[in-house]
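K.L.:
my questions concern the predicted model and sequence given below.
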Amino acid sequence: MTARAGAVRKAKLGISPIAWTNDDLPQLGGDTPLSTCLAESQEAGFLGTEMGGKFPTTVNELRPLLARYDLRLVGGWYSGTLLDTELEHEQTRVRAQLALFRDCGASVLVYGETAGTIQNRQDVPLARRRRLTDGEVDAYAAKLTRFAEFCAASGVAFAFHHHMGTAIEDERDIDRLMARTGRAVGLLFDTGHLAFAGADPLRVLEHHGDRVVHVHAKDIRADVLAALDRDRDSFLDAVLKGVFTVPGDGTLDFGAIAGKLAGAGYDGWFIVEAEQDPVAAPPLEYARIGQRALTSVLERAGYVIESAFV
């Protein structure tokens with residue numbers, strides 16, 4: 001969310017369960033129980049968690065489970081298909097998830113456009129992702145704005161996730177979408193996906209910092225990124241090769257990013273989200289690395305970090 005100018009900037013630190021168990025790559029932590037993920041998230045010092053595939057989907061189950069570990073539900077991924085479906089169909093699909101998030105106090109719905117996506121297909125290389133004409137972006141933006149307004153009316157903010165392997169991936173895609181959508185379409189600012197797509201995270205914030213409503217903090221291993229063959233390697237191949245890591249373990253300048261977000265007036269959640277092989281990158285160890293690195297840069301940028309469950 002965006003704070004008023006001159007206000008005290010506040011940050012909440014959360015984490016994604018993808019470090020423990022990857023829904024798109026079951027071989028990465030597929031046998032890890034949810035209890036381990038939640039217990040270690042709390043142990044690493046996080047205030048909240050995003051939702052994953054192993055989470056219960058009813059309020060009566062989810063709310064007490066999270067309370068047991070003193071964790072808040074931040075929000076979670078929604079696989080949208082508005083590029084190819086009608087608005088009314090998408091509104092029907094999302095209602096149950098919106099109700100769950102609202103009733104559990106989650107702040108955002110993370111919308112990923114999965115129509116024609118290759119993010120979950122290991123047999124399709126990065127270079128073959130879907131691309132949109134200006135006319136297609138116009139039509140898509142109109143539907144997306146109305147969908148985001150529907151989410152807001154249901155009590156949950158809408159955060160659009162630019163994502164590798166999807167139709168909205170790089171800086172030009174983001175620029176076109178933000179220019180054509182209404183204010184209800186908030187931007188999820190994902191440092192790792194921006195760097196992977198060849199975008200400049202600081203320039204994206206210069207252009208769209210006032211639209212950022214949610215932050216995914218993931219780092220990049222530049223040597224792995226440089227060695228990828230985008231005509232052969234898929235997004236999942238890149239994950240398996242270790243392209244992503246947590247803040248403090250890669251090459252991105254999170255100090256500069258935190259400063260730019262503070263300057264844009266961003267208040268809200270910073271989510272450590274770095275899909276990795278849990279054998280090569282033990283989740284608790286890396287969660288602690290990410291938590292310490294984020295705490296350090298955010299405090300230097302002037303953020304007050306909320307640290308107690310209330």
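P.N.:
Structure's in. What do you need? Numbering: from 1, shown residues only.
K.L.:
give me the below-cutoff pLDDT ranges for this protein.
P.N.:
Within the chain, the ranges that satisfy pLDDT under 70 run 1-6, 308-310.
K.L.:
grab the longest strand from it for me.
P.N.:
strand 72-80 (DSSP state E).
K.L.:
from the contact counts, what lies against that one?
P.N.:
Applying 3 or more Cβ pairs under 8 Å, 6 or more residues apart in numbering; DSSP states H and E, one finds that strand 72-80 contacts strand 10-15, strand 48-51, helix 59-68, helix 87-103, strand 108-113, strand 268-272. All C-beta spots, glycine's among them, are computed from the backbone N, C-alpha and C.
K.L.:
what lines up beside that strand in the sheet?
P.N.:
strand 48-51 (parallel), strand 108-113 (parallel) (DSSP bridges).
K.L.:
now distance to residue 224 and mean neighbour count too, for those strands, in CSV please.
P.N.:
Output for the strands paired with strand 72-80, formatted as CSV (distance: least, Cβ to Cβ, whole Å; neighbours: other Cβ atoms under 10 Å):
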stretch, distance to residue 224, mean neighbour count
strand 48-51, 24, 24
strand 108-113, 23, 25
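K.L.:
out of the helices and strands packed on strand 72-80, which is the most enclosed?
P.N.:
strand 268-272 (a mean of 27; mean count of other Cβ atoms under 10 Å).
K.L.:
tilt between the helix or strand following it and strand 10-15?
P.N.:
Once the chain leaves strand 268-272, the next helix or strand it forms, by DSSP states H and E, is helix 283-300. Angle, helix 283-300 to strand 10-15, by axes from the mean of the first three to the mean of the last three Cα atoms, to 10 degrees: 170 degrees.
K.L.:
could I get the buried residue list for helix 283-300?
P.N.:
Burial within helix 283-300, assessed by neighbour count using 16 or more other Cβ atoms under 10 Å, is assigned to 283-284, 286-291, 293-295, 297-298.
K.L.:
circling back: how about the strands paired with strand 72-80 in TSV, adding distance to residue 237?
P.N.:
Output for the strands paired with strand 72-80, formatted as TSV (distance: least, Cβ to Cβ, whole Å):
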stretch	distance to residue 237
strand 48-51	24
strand 108-113	19
